[in-house]
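[1] this one's structure only:
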């Protein structure tokens, strides 16, 4: 195993001769690893209101796709100019709403470049690998900014506070919750409370509702769950 | 009754939300797992260098051993041949003519040798006879010289003895006359005459002794000549080998020529030296070929080695303990382990077909690797050095 940074970098140096399918896989894998690292850093350091999951996915996929393009083009200056022109034309002429959509567009371009430069093996490996990366990112819900699964709204009759009973119930079913909204309807008749929840098991909402309804003073209860496939 | 905490409020269920928590942790777990997989994969076999190489081609040329006309060509381009399979055959008419000519020349040389041998024997005999007669005459002359010189010495000694005797007689007479002259009986002139005669005889004796010495020297010289003549009277051996040697060598050379032609007759049937496939056949039956002409090229189907061309910037991997593996470009994911056999001594031009830019020449270091099964000669391969 490498014992220093220099040795590590030397170990990863693969700047030799013609490449085989194994070399393609190696390079694409490294691109994926580093792209995901970049995306993680982006997610962890993001301080905005919310970040786009598609942006996080695009960070990973673009690393893989650009690697495919560069492996196909290699030292060919003419090919490089051709790729540049094609990407520019597509980018400016195609209305794209989603960053992730752009990466898929670029993937198609990369496959075309690889096939056009007679790198059929690279084209196949690149297309399959990038597709698997996209599926993988979707399956593991990479970049999901959902810290909460849903919104619990309930009406409390009378001026009573939700109290410890509600906290206990929520603690029983949720890994985290926070009071989002407390509205007094006036005259002390009833109050409307809203909590953001993060359930232990998002599939198990009925027990939560039953337990909440069982708390004295709780009126109507509604739970609005947020689907992770939807962008916030 | 539900469990309650210290203040009496209901407690949270023990495993409440566990599934949700696990689901939320899933991306982290997956990410970490993938990271470990990637690092583990890289650690297992990071590719240090990847270059192109070419499988070697072992070509064997089938050449004509002698000039001649092709009587038969039994293979065509891209045919498969086995070791020892007959590929072509040359006509042997020329070789038969050459062999006949060589035999005739050999017989001529042998006849010449026999003739020369007889001539040398006759000359040797004649020479020996002449030498014998001349030698006898010389010996006789030497003997006569010795005898003559000896006679001269004897005569000189005799004269010396005679003169000495006369001188003694004159001396006695002189002493008697001296007494008589002293008595006055004889005149002094008598004594003077006798004294003069005595002195003259002494001079004569001295002269004769000098002559004797000279004649004794003559005798010694004559005897030396006689002795030398007797030593040289032995006949010298006649060097027949030196006279006949060139003829023997020419005969031997011609015999070797005959053996060579016989050997070439055995070689006119051309066989494939290796098993493989015929890359190209350059001649057809009935065409004339010269000695050394390439008739066909056979490529060995089995690849013995692969040569990888390593850029100078990647030379460092050659000295490391990295594993080497080779793959066919048609199946670039199937790498087979290979072993480095040798590394070239110098950076050399890369084969043009491996240049990345056809206009830019490249220089690389050739590295020879053991070949794998299924590689076609001359094909390009992928070579990797992996940690």
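    Yes, it's here. Here the structure is a predicted model, which means the values were calculated and not measured.
[2] Tell me the secondary structure of the closest residue to chain A within chain B, please.
    Residue nearest to chain A within chain B: residue B:50 (3.2 Å; CB to the nearest CB). Using the backbone N, CA and C atoms, a C-beta is placed for each residue, glycine as well. With DSSP: H, G, I helix; E, B strand; the rest coil as the basis, residue B:50 sits in strand.
[3] Could you measure from the residue at minimal distance from the centre of chain A over to residue A:100?
    The residue lying closest to the centre of chain A (CA atoms, centre = their mean) is residue A:143, at 2.3 Å. Separation of residue A:143 from residue A:100 (CB to CB, to the nearest Å) stands at 10 Å.
[4] how close does the residue nearest to residue A:62 when sequence neighbours are not counted get to residue A:137?
    Once flanking residues are discounted, residue A:62 sits nearest to residue A:103: 5.2 Å by CB to CB, 6 or more residues apart in numbering or on different chains. To residue A:137, residue A:103 is 10 Å away according to CB to CB.
[5] Give me the common contacts of these two.
    Common neighbours of residue A:103 and residue A:137, using CB atoms under 8 Å, 6 or more residues apart in numbering or on different chains, are A:57, A:61.
[6] contacting residues for residue B:222?
    Contacts of residue B:222 by CB under 8 Å, 6+ apart are B:142, B:145-146, B:148-149.
[7] Neighbours of residue A:29, how many?
    19 (other CB atoms under 10 Å in any protein chain shown).
[8] Also residue B:224?
    With other CB under 10 Å as criterion, residue B:224 counts 12.
[9] same thing with residue B:194?
    21.
[10] what helix or strand is it on?
    Residue B:194 is part of helix B:188-231, with elements assigned from DSSP states H and E.
[11] and what of residue B:262?
    helix B:240-267.
[12] Give me the average confidence score over that helix.
    Mean pLDDT, computed over helix B:240-267, is 87.
[13] Helices of chain A, start to end?
    Counting by DSSP state H, the segments of chain A that form helices are A:5-12, A:21-45, A:53-73, A:77-93, A:99-116, A:120-139, A:163-173, A:206-213.
[14] quick one: which of these is nearest residue B:169?
    Closest to residue B:169 of those, according to CB to CB: helix A:5-12, at 145.4 Å.
[15] quick one: low-confidence ranges for the chain?
    No chain in the question, so chain A it is. Applying pLDDT under 70 to chain A flags the ranges A:1-18, A:48-51, A:92-96, A:145-148, A:158-163, A:185-189, A:227-232.
[16] um, chain B though
    Looking at chain B by pLDDT under 70, you get B:1-17, B:44-45, B:131-133, B:230-238, B:320.
[17] at 50 instead, please
    In the predicted model, chain B carries pLDDT under 50 at residues B:1-9.
[18] remind me, longest helix of it?
    Every helix in chain B considered (DSSP H), the longest is helix B:93-183.
[19] Hmm, residue B:116 is touching residue B:245, no?
    No: between residue B:116 and residue B:245 there is no contact under CB atoms under 8 Å: 10.7 Å.
[20] who has more neighbours, the two?
    Taking neighbours as other CB under 10 Å, residue B:116 and residue B:245 compare with residue B:116 leading, 15 against 11.
[21] tally of neighbours for residue 204?
    You didn't say which chain, so I picked chain A. 11.
[22] that's the other chain; I wanted chain B
    Residue B:204 sits with 17 neighbouring residues when counted by other CB under 10 Å.
[23] For the residue of chain B closest to chain A, grab the count of nearby residues.
    With other CB under 10 Å as criterion, residue B:50 counts 19.
[24] Tell me how far it lies from residue B:327.
    10 Å.
[25] Which neighbours do these two have in common?
    B:382, B:384.
[26] who's in contact with stretch B:199-217?
    B:149, B:152-153, B:156-157, B:159-160, B:163-164, B:166-167, B:170.
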